[in-house]
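S.K.: Sharing a model that was predicted from the sequence below.
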Amino acid sequence: MSERKAAGMPGMPQDGPRRETVLAAAAQIRDQLAGHGRVLSGAVVVTPAAPGGLAPDLAVTAPGVEPDGRGRYAGSDVEAVLEVARPHLAETARAYALSGIPLYVMVDPAAAVCLVHTAPSADGAYREAERVPFGNDLFLPLGERTLVLRTEEFPAGPPTPGAGPDAGRGIVDG
């Protein structure tokens, strides 16, 4: 039994598919950024809704941005976040929207779909969302450029309670 489970902490759902998805996405994003920003995994992003910080699966920083003295990034320094579905992501997405992070991508291996959220509002919701099934390319607008993320290599996994295809929908206003 892992230390995390032994301590009563919930394990990360779909750990294998999650890692595979993060690695596949990170390599594609890094190659396309070509030095105009960075892709980071597990970097702490400080937001008004989470002053202690959040550590998204992937964060894309704006060009020229450096972490603060504690190694953290302000939400305003982040152009995009990508998270692999797990319970309670709606609260996390709200924190990203409140920070004005313009692009939030939720990858759901259980449903083999990505939800691309844009147009954050001051009330903590993303006003636009696009559902993209695995096998289709994601077009991710980052400032003056658009990244293309191929999803055919994203692994589909078993259902995760509380992290199905509707998990991210509560953060989108009609």
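M.R.: Perfect, I can see it now.

S.K.: where does this protein dip in pLDDT?
M.R.: 1-14, 157-174 (pLDDT under 70).

S.K.: How about the backbone phi and psi for Arg86?
M.R.: phi -160, psi 170 (degrees, to the nearest 10).

S.K.: Which single helix of this protein contains the most residues?
M.R.: Identified as the longest helix of the chain according to DSSP state H is helix 15-33.

S.K.: And the contacts of that helix?
M.R.: Helix 15-33 is contacted from outside by 12, 38-39, 41, 57-58, 60, 82, 84, 86, 107, 109, 147-150, 153-157, using C-beta atoms under 8 Å, 6 or more residues apart in numbering. C-beta coordinates here come from the backbone N, C-alpha and C atoms, glycine included.

S.K.: For it, buried residues please.
M.R.: Within helix 15-33, the residues scored as buried using 16 or more other C-beta atoms under 10 Å are 17-18, 20-22, 24-26, 28-30, 32-33.

S.K.: The closest residue to Arg150 other than its chain neighbours: neighbouring residues, count only.
M.R.: Once flanking residues are discounted, Arg150 sits nearest to Asp137: 5.7 Å by C-beta to C-beta, 6 or more residues apart in numbering. Neighbour count for Asp137, taken as other C-beta atoms under 10 Å: 12.

S.K.: My guess is Asp137 contacts Thr151. True?
M.R.: Yes - Asp137 is within contact range of Thr151, at 6.9 Å (criterion: C-beta atoms under 8 Å).

S.K.: for Leu138, what are its contacts?
M.R.: Contacts of Leu138 (C-beta under 8 Å, 6+ apart): Val105, Cys114, Val116, Val132, Val148, Leu149, Thr151.

S.K.: Next: Ala55.
M.R.: Gly42, Ala43, Val44, Val45.

S.K.: what ranges do the strands span in the protein?
M.R.: Using DSSP state E, the strands of the chain run over 39-40, 45-47, 50-54, 58-61, 73-74, 78-84, 103-108, 113-120, 126-133, 138-142, 145-149.

S.K.: then the fourth one to CSV, C-alphas only?
M.R.: Think strand 58-61. Output of strand 58-61 as CSV, limited to C-alpha atoms (Å, rounded to 0.1, in the frame of the first residue of the first chain):
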residue,chain,number,x,y,z
LEU,A,58,0.9,21.8,-16.7
ALA,A,59,1.2,25.6,-16.8
VAL,A,60,2.3,27.7,-19.7
THR,A,61,3.9,30.9,-18.7
